[in-house]
Every structure is written in C-alpha cells, then in structure tokens.
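Peer 1: got a predicted structure here, sequence first:
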Amino acid sequence: MDIKKYTAKEREATLYMADSKDRPLVILNNYSGDGSSVMKALKEMECPDFNLLCIGNLKWNHDMTPWYCPPLSPEDTPCTGGADDYLQLLVSEILPEAKKLVKGIPSHISLAGYSLGGLFALYACYNCDVFERMASMSGSLWFPDFRDYVFNHSMKRIPDKIYLSLGDTEARTKNLTLKMVQNNTEEIFGHYRNLGLDVVWEMNPGNHFKDAALRSAKGIMAIL
C-alpha cells in the first residue's frame with residue numbers, strides 16, 4: 001500500500017492508497033495522528049481494498065462544529081462553529097488532490113468521523129452533495145440543537161448507507177448536555193429509518209474513549 005501525504009491550510013492529509021483501480025475512497029477526520037491505528041485495525045479485520053484519506057492537525061472544536069457551543073466545564077474550551085468553512089476546504093482542495101492521487105475513479109466517496117468528527121459527518125450531508133455514504137462513530141450528537149437541525153432539514157444527497165454507533169456508558173454522566181447523547185442518537189436513527197434510509201445503529205461496550213480506533217474501523221467497514 002502506497003502512502004501519500006500533503007497539506008492544505010495547515011491540515012495534514014495522509015492518503016492510504018488502494019492497490020487496485022476504482023476502489024472506494026473514505027475520508028476520516030481524525031482528532032490526532034495520521035490514521036495508522038485505524039488502518040491497522042482495518043487490516044486485522046481483513047477489510048476490502050480501498051483508499052483511506054485521514055485528515056489531521058484539525059482545529060477540532062472549530063472545524064468539526066456547526067455553530068457555537070459554550071464550554072461544557074470550566075476546564076473545557078468552547079466550540080466555535082467552523083464546520084462550513086472547513087467543509088468548503090475539504091471539498092474544494094483536500095478531496096480533489098486525493099482524487100488525483102488514487103488509482104482510477106473512486107466507486108464511492110464516503111465520510112467518517114469519531115466524536116465531533118461523527119457530528120461533522122452528519123452535518124456535511126445536509127450541506128453538500130459529495131458524500132455517498134456516512135459513518136458517525138461515538139458521534140457527539142449531544143451537540144445543542146443538532147437533533148432539531150436533523151429533524152427540520154433535508155440532506156443535499158441521500159446516503160446509500162449510514163452507520164451510527166455509541167459506547168453503552170457514554171450517557172452515564174452528570175453533565176446534562178452530554179447525557180443527551182444516547183437519546184439523541186437513537187432518535188436520529190429512528191428518524192432516518194422512518195425516512196426509509198439504509199441505516200445501522202450499533203452499541204459498543206465502554207465509555208467515549210474506549211477503543212476509538214477499533215470503533216472507527218468498524219464504522220468504516222460497515223460503509224465499505
């Protein structure tokens with residue numbers, strides 16, 4: 001597997017290239033690292049040949065969030081709502097470069113993310129028509145007003161497949177905002193199912209921080 005690296009406005013892209021032509025291209029927005037741990041987990045699952053574009057060095061609480069959210073605790077930082085600008089960078093600069101580098105033409109282009117990256121993956125479907133499949137692993141669907149946003153907006157392109165997951169203890173918190181994550185995720189899953197979409201909902205053991213690479217790999221496998 002060839003690996004190519006490039007940058008776009010300080011964001012660092014690592015492209016794990018498929019060995020054969022016309023294979024799927026999955027984009028993973030990553031909190032840290034170059035996605036090597038996720039790719040390792042995928043190989044252990046004997047995943048099919050595909051292209052993985054992992055994007056790091058993100059301004060996480062800015063790039064991945066659709067609007068402002070105050071800090072959840074005194075030690076936390078606010079989310080500053082830069083998703084629209086980052087989405088524009090992704091589809092106009094980062095993705096076109098990857099499409100030049102991969103062999104052939106991707107059979108589908110999909111978007112995946114963990115935590116706030118999972119929130120962004122859903123949000124992107126309502127604001128561009130580029131992505132054909134979507135995976136949100138332990139997605140931050142507690143985000144204020146996001147459930148209502150989903151219920152009151154239409155996707156620009158209906159995904160062929162949607163994958164949602166959560167840890168089974170993520171909602172066990174005293175923080176009233178974070179406590180909504182499982183309820184919101186289940187309601188969004190139900191909403192998509194009522195719309196007739198091909199959507200999978202999976203619970204994993206543990207809290208938000210358990211097995212992030214493995215959960216990310218499971219979500220990507222589900223949409224391949």
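Peer 2: Cool, the structure landed.
Peer 1: name the element the residue positioned nearest the centre of the chain belongs to?
Peer 2: Central residue of the chain (C-alpha atoms, centre = their mean): Gly113, 2.0 Å from the mean position. Under the criterion of DSSP states H and E, Gly113 resides in strand 109-114.
Peer 1: cool, and Tyr6?
Peer 2: strand 3-8.
Peer 1: can you give the contact residues for that strand?
Peer 2: By C-beta atoms under 8 Å, 6 or more residues apart in numbering, the list of residues contacting strand 3-8 from outside reads 12-17, 34, 89, 93-94, 97, 101. Yep, even glycine has a C-beta here, placed from its N, CA and C like the rest.
Peer 1: just the strands in this protein please.
Peer 2: In the chain, the strands defined using DSSP state E lie at 3-8, 11-16, 25-29, 51-56, 68-69, 79-80, 109-114, 133-137, 161-167, 199-204.
Peer 1: so how far is the strand holding Tyr6 from its chain's centroid?
Peer 2: 19 Å (C-alpha atoms, centre = their mean, to the nearest Å).
Peer 1: unless I'm mixing things up, the residue nearest to the centre of the chain is touching Ala124, no?
Peer 2: No: look at Gly113 against Ala124 with C-beta atoms under 8 Å: they stay out of range, at 9.0 Å.
Peer 1: what angle do the strand holding Tyr6 and strand 51-56 make?
Peer 2: 40 degrees (axes from the mean of the first three to the mean of the last three C-alpha atoms, to 10 degrees).
Peer 1: and strand 3-8, which strands flank it?
Peer 2: strand 11-16 (antiparallel) (DSSP bridges).
Peer 1: returning to what we had before: so what's the residue nearest to the centre of the chain bridging to?
Peer 2: Going by DSSP bridges, Gly113 forms beta bridges with Asn29, Ser136.
Peer 1: list the contacts of Ser32.
Peer 2: Gly56.
Peer 1: pLDDT score assigned to it?
Peer 2: On pLDDT, Ser32 comes in at 90.
Peer 1: ok, now Pro74?
Peer 2: For Pro74, pLDDT reads 88.
Peer 1: identify the residues contacting it.
Peer 2: Residues in contact with Pro74 (C-beta under 8 Å, 6+ apart): none are found.
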